[in-house]
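Novice: need a structure here:
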Amino acid sequence: MKKIIQGIFGSMKFSDSIFLCVLIANLILVAYLGVGSHDKALKVGQSQANGEQIIAWFEEFGQKLEAKELVTPESCIPSDEGIVSAKNAKLNIWKSCVDTLFADKGPFYSYTNLLMPKDPAYALKCDKQDLGTSGAFIFEKMTMNPAGPPSVGPMDPQEKLVSGMNFRLSLCDTGYYLIKIGEFKL
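Specialist: Numbering: from 1, shown residues only. This is a model prediction of the structure:
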């Protein structure tokens with residue numbers, strides 16, 4: 001065995017030793033990056049599963065509204081379209097609704113931004129300039145277009161909640177691209 005090892009490494013030049021060191025360093029780097037990417041992919045997958053639960057909650061919430069059942073939180077109850085124009089009518093806005101949902105006693109209090117744990121679980125938009133949006137849920141307003149696909153844009157925090165509004169829930173991934181999770185109607 002000693003002769004085999006000496007036969008392999010005994011005839012090596014200095015440049016061969018450097019090549020082997022660089023090769024081993026590259027293999028270690030690829031393994032390290034692979035484990036990190038796999039971990040992030042698992043977190044994105046878990047966030048998508050959480051997003052599907054959010055969609056299911058909103059669908060159930062919408063069904064309760066249609067059945068005229070008592071629903072909570074009250075800050076997410078939309079107004080009828082005719083009431084929006086009436087003066088002195090209390091209108092719920094998106095910011096108060098989403099803040100209530102992710103607050104300590106809200107239905108999604110346990111949902112966090114798994115990729116950036118120190119940042120909020122939701123954001124206005126997926127933005128490369130704001131690194132904390134990676135892993136955040138993005139709620140977008142959909143405006144139906146009878147002649148083609150709906151137009152989609154970020155939800156304004158001061159947007160008044162009106163019955164019949166359509167939303168799209170997406171997840172901001174590690175490359176700051178949106179992963180569409182689903183759509184729901186309020």
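
Novice: flag the helix or strand of this protein with the lowest per-element mean pLDDT.
Specialist: helix 81-84 (a mean of 56; mean pLDDT, DSSP states H and E).

Novice: whichever helix or strand comes after that one: how far from the chain's middle?
Specialist: Sequence order places helix 94-101 as the next helix or strand after helix 81-84, per DSSP states H and E. Relative to its chain's centre, helix 94-101 lies at 16 Å (C-alpha atoms, centre = their mean, to the nearest Å).

Novice: what comes up buried for helix 94-101?
Specialist: Across helix 94-101, burial judged by 16 or more other C-beta atoms under 10 Å covers Trp94, Ser96, Cys97, Val98, Asp99, Thr100, Leu101. In this view, the C-beta of every residue, glycine as well, is placed from N, C-alpha and C.

Novice: same question, stretch 108-123
Specialist: Phe108, Tyr111, Thr112, Asn113, Leu114, Leu115, Met116, Asp119, Pro120, Ala121, Tyr122, Ala123.

Novice: name the helices or strands packed onto the lengthiest helix in the chain?
Specialist: Counting residues, the longest helix found in the chain (DSSP state H) is helix 14-66. Secondary-structure packing of helix 14-66 (3 or more C-beta pairs under 8 Å, 6 or more residues apart in numbering; DSSP states H and E): strand 137-143, strand 166-172, strand 178-185.

Novice: sweet, I'm off.
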